[in-house]
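# Everything below, folded, please.
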Amino acid sequence: MRLRWKLARQARKAARFKSKLGAHVTALLVESENGVFAVDPEDFVVGRRLRRKGKYGADEISRLKKFVSPQSRVLVVGAHIGSVAIPLARVCKEVIAIEANPLTFGLLEKNLALNKVENCQTIQIAASSKEEEIEFLLSRANSGGSKRVPLITEYMYYYDNPESVMVKAKKLDDVLEDKKFDLVIMDIEGSEYFALQGMPDVLAHVDTLAVEFLPHHLRNVGGIGVEEFLAVIPEHLSMLFIPSKDTTLERKDFQAYLTDMYQKDEGDDGIIFQRSG
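Numbers count the residues shown, from 1 in each chain. Okay, the predicted model is just below:
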């Protein structure tokens, strides 16, 4: 009940804030450590953090930078407004940014222009296991939480009255001409399993995969457990680092450790699978 109250309060505050600004204000300009960003005034997660703190995801960005060099190519699936993709673009050769939410995609392109980023290609598509159209929720108070319509309805997915739209979805293996990336980052609110199914060629070449692991998303959006999730992680990614636990595991221990987290509903914003050696 406490979570339900907290989410409802967040939605009310976000809606009131946007209403005070007026109907014609679609974005606010923020100067932050991540860069210069146009942010949705109703976004009370990433956008609010950038507005109030002047930074977002500093620890995650610092952690991910260790896996790239000036020659690296990086794929960001679920790029949102670019708060991670843009800082990484400054330290690597090329970034491909995938974003399904049409409203957020517009802000992403504006932010690339504001930061004069020329080595980032954007693609507006939902990553999936096949070419299809999917029903998609445009979350308001947390635009980064936008997602395919969950299999199981929970208040946490609908608390801010998201608009439902249809978006195009494709296999990333069919979308990306060059399949070789040093680092793949994936945060797509429960659709990770479907996206990973549609990119075996990309995964065959990757050295590092950072992917969100939230049990309630896996259950309610993807309809899967740990075994199915791990089945789409290629064998050569044989080491796993879990930042929230400060724990590194070998392949033989993945199943037991992640199952324990799954059963306790313990998530992590980005567990990191790596090629050993």
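# quick one, what contacts Leu151?
Shown here is Leu151, whose contacts under the criterion CB atoms under 8 Å, 6 or more residues apart in numbering are Asn220, Val221, Gly222, Gly223. For glycine as for every other residue, the C-beta is placed from the backbone atoms N, C-alpha and C.
# Check which helix or strand the closest residue to the third one other than its chain neighbours maps to.
Same thing as Gly222. Spatially, and ignoring its direct neighbours in sequence, Gly222 is nearest to Tyr193 (4.4 Å; CB to CB, 6 or more residues apart in numbering). With secondary structure defined by DSSP states H and E, Tyr193 is part of helix 192-197.
# pLDDT on that helix, on average?
Here helix 192-197 scores 98 as its mean pLDDT.
# Quick one: name whatever helix or strand follows that helix.
helix 200-205.
# now what about that following helix, what contacts it?
Helix 200-205 is contacted by residues 75, 172-173, 176, 179-181, 184, 196, 209, 232-234, 236-237 when judged by CB under 8 Å, 6+ apart.
# The closest residue to Leu21 other than its chain neighbours and Asn161, how far apart?
Among residues not flanking Leu21 along the chain, Pro41 sits closest, at 5.4 Å (CB to CB, 6+ apart). Counting by CB to CB, to the nearest Å, the separation of Pro41 from Asn161 is 16 Å.
# Now do the contacts for the residue sitting nearest the centre point of the chain.
The centroid of the chain falls nearest to Asp187 when counting by CA atoms, centre = their mean (2.3 Å). Contacts for Asp187 (CB under 8 Å, 6+ apart) come out as Val77, Gly78, His80, Gly144, Val211, Glu212, Asp269, Gly270.
# Please report the number of neighbouring residues for the closest residue to the last one other than its chain neighbours.
Ranked by CB to CB, 6+ apart and with sequence neighbours excluded, the top spatial neighbour of Gly270 is Ala210, at 4.4 Å. Look at Ala210: counted by other CB atoms under 10 Å, it has 24 neighbours.
# Tyr159 too?
By other CB under 10 Å, 22 other residues sit near Tyr159.
# Adjust the sequence numbering to begin at 40 for everything that follows.
Fine by me, first position is 40 from now on; the one you just mentioned is Tyr198.
# Thought Ala180 was touching it, still the case?
Yes - between Tyr198 and Ala180 there is a contact at 7.4 Å, judged by CB atoms under 8 Å.
# Common neighbours of the two, please.
Leu46, Gln49, Ala50.
# In those, which residue is surrounded by the most others?
Of all the shared contacts of Tyr198 and Ala180, the highest neighbour tally under other CB under 10 Å goes to Ala50, namely 20 neighbours.
# element containing that one?
Here Ala50 sits within helix 41-60, counting by DSSP H and E.
# List the buried residues in that helix.
The neighbour-count check on helix 41-60 (16 or more other CB atoms under 10 Å) flags Leu46, Gln49, Ala50, Ala53, Ala54, Phe56, Lys57 as buried.
# where in the stretch 140-289 of the chain is pLDDT low?
The stretch 140-289 of the chain contains no residues with pLDDT under 70.
# the helices in it, which residues?
141-153, 194-197, 211-214, 231-236, 239-244, 254-256, 265-270 (DSSP state H, counting those that start in this stretch).
# Redo those as TSV? Include mean neighbour count and distance to Gly93.
Output for the helices of the stretch 140-289 of the chain, formatted as TSV (neighbours: other CB atoms under 10 Å; distance: least, CB to CB, whole Å):
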stretch	mean neighbour count	distance to Gly93
helix 141-153	20	15
helix 194-197	16	28
helix 211-214	18	33
helix 231-236	23	30
helix 239-244	17	34
helix 254-256	19	29
helix 265-270	15	35
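# Perfect, I'm done here.
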